[in-house]
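Enquirer: A structural model of the following input is requested.
(one chain, ligands or ions: 1)
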Amino acid sequence: MKTRRTFLLAAAAVATTGAWARPLDAIKKSGKLVAATEGAFTPFNYFDGAKLTGFEVEVAELMAKKMGLAIEWKTVGFDALLTGLAQDRWDLVIASHGITDERAKAVTFTAPHYCSGGMIVAKDAKIKTAKDLTGKTVGVQTGTTYLSNVQKLGTAKEVRNFPSDADARSALAAGRVDAWVTDRFTAIESARKNPQLKLNLGALLFTEQIAAAAAKGNTTLAQAWNDALAKAMADGSYAALSKKYFGEDVRCK
Ligand code: ARG
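Expert: Next up, the predicted model:
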């Protein structure tokens with residue numbers, strides 16, 4: 001009876017997604033975890049010349065190692081990442097996704113690998129807080145929680161979407177928007193690396209827990225990842241990576 005029910009549920013899943021999400025067994029059999037990221041969000045996932053790297057890329061490599069797997073990386077636009085999970089184009093996404101109820105309807109989130117928030121960045125030092133965004137033009141990356149949270153305020157004159165976070169930053173640098181909302185650590189690094197832009201770091205508009213995502217219901221993979229992450233957080237390897245990129249431990253407390 002139980003088997004039959006499981007079968008019917010699985011058949012329904014195949015009918016809606018058109019394919020199976022690879023459970024851990026199948027991934028192990030192939031020896032390779034297929035992971036997708038954007039590759040354009042420093043310092044989390046980006047290209048250093050031809051090399052894909054960043055905190056999240058290294059965290060994923062560490063998780064894979066602990067799971068006894070190699071990683072095959074795919075890089076695509078931020079917008080295509082979560083939908084690709086449902087289409088079984090990859091097993092896992094790690095690209096600084098904040099855990100939201102909306103997203104959790106479509107994917108199975110792992111435990112968070114860092115905690116952060118959306119920070120207000122402007123050239124005008126008077127634009128610092130949510131209130132200061134009233135009547136202003138704000139630049140954000142399409143599909144992000146920065147977009148939804150600025151929209152939720154409902155007070156900006158205009159919210160302008162950009163395909164990449166770096167494009168939103170360029171718009172701020174060129175004076176085409178009054179403010180940019182991005183990840184706190186991305187903002188800190190941008191300000192430090194580009195002093196000529198004279199970026200002012202403002203308040204956090206919201207905070208969020210950032211996690212990797214597996215296809216909806218792929219609990220065997222999510223669980224193996226969570227076990228590996230817990231081990232890395234206990235044995236000092238996570239802390240070492242975090243220190244390397246941020247000079248501090250960015251795990252959720
Ligand atoms: N944390 C934000 C979100 O959850 C932004 C993520 C942007 N990630 C990226 N790879 N560009 O939507």
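Enquirer: of all the residues in the chain, which ones are close to the ligand?
Expert: 38, 41, 45, 78, 95-98, 141, 144-145, 165, 183 (CB under 6 Å from any ligand atom). No exception for glycine: its C-beta is placed from N, CA and C like everyone else's.
Enquirer: May I ask which two of those residues are separated the most?
Expert: Across the residues of the chain next to the ligand, no pair lies farther apart than Asn45 and Thr145, at 16.2 Å, counting by CB to CB.
Enquirer: So what's the residue count around Ser237?
Expert: 16 (other CB atoms under 10 Å).
Enquirer: for the closest residue to it other than its chain neighbours, helix, strand, or coil?
Expert: Using CB to CB, 6 or more residues apart in numbering and skipping residues adjacent in sequence, the residue nearest Ser237 is Leu62, 5.9 Å away. Secondary structure assignment for Leu62 (DSSP: H, G, I helix; E, B strand; the rest coil): helix.
Enquirer: give me every residue that touches Leu62.
Expert: For Leu62, the contact set (CB atoms under 8 Å, 6 or more residues apart in numbering) comprises Ala228, Ala232, Ser237, Tyr238, Leu241.
Enquirer: can I get the residues you listed in a markdown table with distance to Gly247, pLDDT and secondary structure?
Expert: Below are those laid out as a markdown table (distance: CB to CB, whole Å; pLDDT from 0 to 100; DSSP: H, G, I helix; E, B strand; the rest coil):
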| residue | distance to Gly247 | pLDDT | secondary structure |
| --- | --- | --- | --- |
| Ala228 | 24 | 98 | helix |
| Ala232 | 18 | 98 | helix |
| Ser237 | 17 | 98 | helix |
| Tyr238 | 15 | 98 | helix |
| Leu241 | 12 | 98 | helix |
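Enquirer: from those, which is closest to Leu133?
Expert: Closest approach to Leu133 among the contacts of Leu62 (CB to CB): Leu241, at 33.5 Å.
Enquirer: Tell me the spacing between the closest one and the ligand.
Expert: As judged by CB to the nearest ligand atom, to the nearest Å, Leu241 and the ligand stand 17 Å apart.
Enquirer: same question, Val138
Expert: Val138 sits at a distance of 15 Å from the ligand (criterion: CB to the nearest ligand atom).
Enquirer: Would you agree that residue is in contact with Arg176?
Expert: No. Taking CB atoms under 8 Å as the definition, Val138 is not a contact partner of Arg176, at 11.2 Å.
Enquirer: Overlap in contacts, these two.
Expert: Residues touching both Val138 and Arg176 (CB under 8 Å, 6+ apart): Arg160.
Enquirer: When the two are compared, which one has more neighbours?
Expert: Shown here are Val138 and Arg176; by other CB under 10 Å, Val138 has more neighbours (28 against 13).
Enquirer: Alpha carbons of the helix or strand that one falls within, as PDB, please.
Expert: Using DSSP states H and E, Val138 sits in strand 137-141. Backbone C-alpha positions of strand 137-141 (Å, rounded to 0.1, in the frame of the first residue of the first chain) are rendered in PDB as follows:
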ATOM      1  CA  THR A 137      15.300  55.700  -8.000                       C
ATOM      2  CA  VAL A 138      16.700  52.400  -6.700                       C
ATOM      3  CA  GLY A 139      18.800  49.900  -8.700                       C
ATOM      4  CA  VAL A 140      18.600  46.200  -8.000                       C
ATOM      5  CA  GLN A 141      19.300  42.900  -9.700                       C
END
